[in-house]
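In: just the structure for this:
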Amino acid sequence: MGATPKSVILASFVLALLVCFCLFALIPQLAQHDTPRKLPVRRTAAQLYVEPPPEPEKPPEPQQPKVEKQQLQQTPQPQIAPKPRLLQPPEFDFRPPDINIQMATGVVPVPPADLSGIYQANDLDCPPSINFHVKPIYPYRAKRMNITGYVKIQFDVGRDGHVGTMKILESVPPGVFDDAVLQVVQKWRFQPGEIMGDQVATRMVKKIVFNLED
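Out: The predicted structure follows:
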């Protein structure tokens, strides 16, 4: 019974040595597992982008006061005095007037007269003469009632010899023979009157008598 404790102590010692040996054998492997593996490092070129600085804001334009603008508008512009004009001396015409005087005969030429108007028969050098004349028709009613009378008519003879404007100046009895006279006078033809060889229009007056004996 005294030998049993010794064998137990010896066995315990041997077991302790084995455990120590195993621990010392496992220490290098644990050290290798604990050391971290170095990973390959890839180097890439980094592109740096520098953002441009923001544009500075424009300061607001200073507003001019309205009072100054109104004063500028109301300021009158200076008036420029016109340049004085040089007065030209008056021009004198020392030439004698052009007077057509015939000293030898003493005759001054007369300008031609205006022959476009209507002349009286007494003012003409040659009064109109009738070329075509027709007697008026005696009104049937006046002839049946034995009425006699006359008509004084004024009419214009043109430069072509035709009768123009007509006007009854007097009729006896009134209105009885007027139409018969107007109808016949407008058919008359004349040789126009003349002044200094030129044909002119003439105003004439004619009295036409209605008599049953004619």
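In: for whichever strand or helix holds residue 155, packing partners?
Out: Taking DSSP states H and E as the criterion, residue 155 maps to strand 149-157. Here strand 149-157 touches strand 163-172, helix 178-185, strand 198-210, going by 3 or more Cβ pairs under 8 Å, 6 or more residues apart in numbering; DSSP states H and E. The way it works is simple: take the backbone N, C-alpha and C, and place the C-beta from them, glycine included.
In: identify the residues contacting residue 173.
Out: 147, 149 (Cβ atoms under 8 Å, 6 or more residues apart in numbering).
In: thinking again about what came up before, and the helices and strands packed on strand 149-157: which comes nearest residue 125?
Out: The minimum distance between residue 125 and these falls on strand 198-210, with 9.4 Å, by Cβ to Cβ.
In: could you check the angle strand 163-172 makes with that closest one?
Out: Orientation check (axes from the mean of the first three to the mean of the last three Cα atoms, to 10 degrees): strand 198-210 against strand 163-172 gives 30 degrees.
In: flag every buried residue along strand 198-210.
Out: 199-204, 208, 210 (16 or more other Cβ atoms under 10 Å).
In: closest to residue 172 among those residues?
Out: Using Cβ to Cβ, the buried residues of strand 198-210 come closest to residue 172 at residue 210, 9.3 Å.
In: hang on, that closest one packs against residue 177?
Out: Yes. Counting by Cβ atoms under 8 Å, residue 210 touches residue 177, with 5.2 Å between them.
In: pull up the overlap in contacts between those two.
Out: 136, 142, 149-151.
In: now these: which count as buried?
Out: Buried among the shared contacts of residue 210 and residue 177 by 16+ other Cβ under 10 Å: 136, 142, 151.
In: how is the first one assigned, secondary-structure-wise?
Out: Counting by DSSP: H, G, I helix; E, B strand; the rest coil, the backbone at residue 136 sits in coil.
In: kindly state the pLDDT recorded for it?
Out: The per-residue pLDDT reported for residue 136 equals 94.
In: Throw the helices and strands packed on strand 149-157 into TSV and include mean pLDDT and distance to residue 126, thanks.
Out: Converted to TSV, the helices and strands packed on strand 149-157 look like this (pLDDT from 0 to 100; distance: least, Cβ to Cβ, whole Å):
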stretch	mean pLDDT	distance to residue 126
strand 163-172	95	18
helix 178-185	96	21
strand 198-210	95	9
